[in-house]
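Enquirer: need a 3D model of the sequence below.
(one chain, ligands or ions: 2)
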Amino acid sequence: MASISPLLPLPTNLPTKEIPGGYGPPFFGALSDRLDLIYNPAGPDAFFESRMKKYNSTVFRVNIPPGGIFFPDPRVIMLLDQKSFPVLFDTTKVDKTDIFTGTYMPPVSCTGGFRVLPYLDPSEERHTKLKGFCFEILKSNASKWFPEFHKAFMEAGTIWDSQLTSDGRANFSDATDEFALNFLLRSIVNRDPTIRGEVDLGDNPASLLVPWIAFQLYPIIPLGILPKYVEDFIFHNFQLPFWPVKGYYDKLYKFFKTYGTEAIDIAVTKFDLHREDAIHNLIFFVCFNTHGGIKRLFPSIVRHISDAGAELQQELAQEVQSAVKSHGGLTPKALGSMPLVESTVYEVLRIEPPVAYQYGRAKNDLIIESHDAAYKVKKGEMLGGYQPCATRDPKVFANPKAFLPKRFLGDEGQRLLQYVLWSNGQETSEPTVSNKQCAGKNFVVLISRLFVAELFSRYDYIKLGPPVGKGVSPKFFFTTLQKSQI
Ligand code: HEM
Ligand SMILES: CC/C=C\C[C@@H](/C=C/C=C\CCCCCCCC(=O)O)OO
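Expert: Ligands and ions are numbered 1, 2, ... in the order given. Next up, the predicted model:
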């Protein structure tokens, strides 16, 4: 792991302090913190900022959801600065077994009875095999990314233009969910989900994923579908049975088992994996890891660019359209000559990392340092991080709460990349079979740059309206799509 740069002052005999905060009485302490965090009208940012202020520390003890009656111990030590947060990446210090979703783990019934890759610690042999399989899937399909992404994006653009003409607004969310899944299934599973057949995913394939993902996450997110206390009692105290949503997953299973044979054969022959293990992990890679991540990242990219206004968008349109023109199309070389697009994507990933929470259990007694103190952690204690506090650390980033799309331009910008942590690792490090950094780290940055480049190849100016609807994933609509003149 690359060391933290000299920008952070080296420790000079930091005072050792007791970790502030606490957990309160059993059940009620967790209930109080959960209601404060999950149902905080100002969001988790406000919750963690208020606790940092209360304890005058970026390291403190708190209960992290769910923590309800039938859920595991919610006690966590949070690390919320750029000095302490990277401990979560260090697998010599933390154990990552079964903590992908935090203090609670969904039942393996929702992944075919298998503990899929993200729940495995690097010390497990399956972790090495499955991460190698994931890398191979990304490598062997790389030639498809540009053409398949362009094809799927153009289908979405046609829908948006038509809706804007007929309805005065265009449904960004639904079209993006579908185009992203079309892109992934055409590229990785070699099957176009829009082609109906004996085994298919219906008219809206992306909608099949929602119940399955919601089932895995309902104990840790605000669903917003019932009155607060009713919702909290039902969804944050009990593990609900999988069978009501099993039908959705079974459709995904049949689709991957039927059409994903090329990828599954690679898992069996090259990585010595059992066929069923490979199928359920491939479903997870595509439908949870990738599509689930895109569902959070792509709206964030468009929201930040839309809110940044006309000046940024004119510069993006100019950079993209001139590069596409001079390279004869949106080619890898054209994309590689769009520094503002790249910096804008990194700034979105910094200011709003799509997955805000990371965890790790202390493998031994540890001393953890923040910028201004050292803290003793006992073996077995759960460590956690709310990443936006670390990626908005004022000791590292000037004007940390501002969206500055040019922040990562030039040499200074390249040096700051080590403090972009969205992939559960520094942007300047690489995922390996020995660490827990996102296997799709470089793929995500590539398709995010592609997404911005496709947008500003087609449009000169875009405006996203306010979110519509409550709950897990509100929908976003374009209110303006000004077509490019070329
Ligand atoms: C926008 C999209 C994505 C986001 C935001 C994202 C984010 C993350 C994060 C934060 C982690 C670490 C979780 C933890 O252990 O604390 C992770 C792990 C992982 N991601 Fe992603 N990811 C994305 C896309 C992908 C893609 C495209 C793939 C592969 C096709 C992928 C495969 C994985 C795998 C396999 C792990 C577990 C790594 C391991 O166990 O060593 N992800 N991802
Ligand atoms: C929904 C899937 C999102 C990204 C997929 C990515 C990483 C996932 C890491 C942890 C799973 C929990 C994500 C949702 C947390 C909900 C709490 C919150 O942020 O409010 O896979 O690569």
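
Enquirer: could you list the buried residues of the biggest helix by length in the chain?
Expert: Of all segments of type helix in the chain, defined using DSSP state H, the longest is helix 145-167. Neighbour-count burial for helix 145-167 flags 145-146, 148-150, 152-153, 156-157, 159-161, 163-164 (criterion: 16 or more other C-beta atoms under 10 Å). Backbone N, C-alpha and C define where each C-beta goes, glycine included.

Enquirer: give me the contacts around it.
Expert: With contact meaning C-beta atoms under 8 Å, 6 or more residues apart in numbering, helix 145-167 is reached by 169-172, 175-176, 178-180, 182-183, 186-187, 330-332, 443, 446-447, 450-451, 454, 458, 478, 481, 483.

Enquirer: name the element whichever residue of the stretch 251-400 of the chain sits closest to ligand 1 belongs to?
Expert: Residue nearest to ligand 1 within the stretch 251-400 of the chain: residue 293 (2.2 Å; C-beta to the nearest ligand atom). Using DSSP states H and E, residue 293 maps to helix 291-308.

Enquirer: same check on residue 78?
Expert: Per DSSP H and E: strand 75-79 holds residue 78.

Enquirer: residue ranges with poor pLDDT in the stretch 251-400 of the chain?
Expert: Across the stretch 251-400 of the chain, nothing is flagged by pLDDT under 70.

Enquirer: tell me where it has strands.
Expert: 357-362, 366-369, 374-377, 382-386 (DSSP state E, counting those that start in this stretch).

Enquirer: single out the most deeply packed of those strands.
Expert: strand 382-386 (a mean of 24; mean count of other C-beta atoms under 10 Å).

Enquirer: and it, which strands flank it?
Expert: strand 75-79 (parallel), strand 357-362 (antiparallel) (DSSP bridges).

Enquirer: show the average pLDDT along the shortest one.
Expert: Confidence over strand 75-79 (mean pLDDT, whole number) is 98.

Enquirer: determine how far that strand lies from the middle of the whole chain.
Expert: Relative to the centre of its chain, strand 75-79 is centred 20 Å away, using C-alpha atoms, centre = their mean, to the nearest Å.

Enquirer: so the helix or strand just after that strand, near ligand 1 or not?
Expert: Beyond strand 75-79 on the C-terminal side, the first helix or strand identified by DSSP H and E is strand 94-95. No - with C-beta under 6 Å from any ligand atom as the measure, strand 94-95 is seen stopping short of ligand 1, the closest distance being 10.1 Å.

Enquirer: how far does strand 94-95 sit from the chain's center?
Expert: In terms of C-alpha atoms, centre = their mean, the centre of strand 94-95 is set 20 Å apart from its chain centre.

Enquirer: quick one: contacts of it?
Expert: So strand 94-95 is in contact with 87, 88, 121, 123, 360, 361, 362, 363, 383, going by C-beta under 8 Å, 6+ apart.

Enquirer: ok and the residue in the protein nearest ligand 2?
Expert: Residue of the chain nearest ligand 2, by C-beta to the nearest ligand atom: residue 292 (2.8 Å).

Enquirer: what sits against that residue?
Expert: By C-beta under 8 Å, 6+ apart, the contact set of residue 292 is 209, 213.

Enquirer: cutoff 10 Å now
Expert: 209, 212, 213, 216, 217, 284, 286, 354, 355 (C-beta atoms under 10 Å, 6 or more residues apart in numbering).

Enquirer: and the last one, how many neighbours?
Expert: What that stands for is residue 355. 16 (other C-beta atoms under 10 Å).

Enquirer: test my guess that it contacts residue 438.
Expert: Yes - using C-beta atoms under 10 Å, residue 355 is in contact with residue 438, at 8.8 Å.

Enquirer: give the residues shared as contacts by these two.
Expert: Common contacts of residue 355 and residue 438 (C-beta under 10 Å, 6+ apart): 293, 422, 423, 424.

Enquirer: measure the third one to residue 220 for me?
Expert: Computed with C-beta to C-beta, to the nearest Å, the distance linking residue 423 and residue 220 is 20 Å.

Enquirer: more neighbours: which of the two?
Expert: residue 423 (25 against 22).

Enquirer: who in this protein is up against ligand 1?
Expert: Taking C-beta under 6 Å from any ligand atom as the contact definition, the chain meets ligand 1 at 96, 100, 117-118, 120, 131, 134, 138, 285, 289-290, 293-294, 297, 354-355, 358, 423-424, 436, 438-440, 443-444.

Enquirer: so which of those residues belong to helices?
Expert: 131, 134, 138, 293, 294, 297, 443, 444.

Enquirer: kindly provide the distance from residue 249 to residue 112.
Expert: 8 Å.

Enquirer: between these two, which contacts overlap?
Expert: Residues touching both residue 249 and residue 112 by C-beta under 10 Å, 6+ apart: 280, 283.

Enquirer: more crowded one of those two?
Expert: residue 249 (22 against 17).

Enquirer: surely that one meets residue 214?
Expert: No - using C-beta under 10 Å as the test, residue 249 is too far from residue 214 to be in contact (11.9 Å).

Enquirer: where do the helices of the stretch 101-250 of the chain begin and end?
Expert: Assigned by DSSP state H, counting those that start in this stretch, the stretch 101-250 of the chain shows helices spanning 125-140, 145-167, 172-188, 205-217, 228-235, 243-259.

Enquirer: looking at the ones you listed, which is buried most?
Expert: Per-stretch averages of neighbours, counted by mean count of other C-beta under 10 Å, single out helix 172-188 among the helices of the stretch 101-250 of the chain, with a mean of 23.

Enquirer: I'd like to know which residues of the stretch 101-250 of the chain are adjacent to ligand 2.
Expert: By C-beta under 6 Å from any ligand atom, the residues of the stretch 101-250 of the chain that approach ligand 2 are 101, 213, 217, 220, 221.

Enquirer: biggest separation within these, which pair?
Expert: Spatially, the most separated pair among these is 213 and 220, at 12.0 Å (C-beta to C-beta).

Enquirer: what sits in contact with each of these two?
Expert: By C-beta under 10 Å, 6+ apart, residue 213 and residue 220 have these common neighbours: residue 106.

Enquirer: any idea which element residue 478 lies in?
Expert: When elements are assigned from DSSP H and E, residue 478 belongs to strand 477-483.

Enquirer: same thing with residue 40?
Expert: Going by DSSP H and E, residue 40 is not in any helix or strand.

Enquirer: what sits against it?
Expert: Taking C-beta under 10 Å, 6+ apart, we find residue 40 in contact with 46, 47, 48, 50, 222.

Enquirer: mind redoing it with 8 Å?
Expert: Contacts for residue 40 (C-beta under 8 Å, 6+ apart) come out as 46, 47.

Enquirer: measure it to residue 374 for me?
Expert: Distance from residue 40 to residue 374, by C-beta to C-beta: 30 Å.
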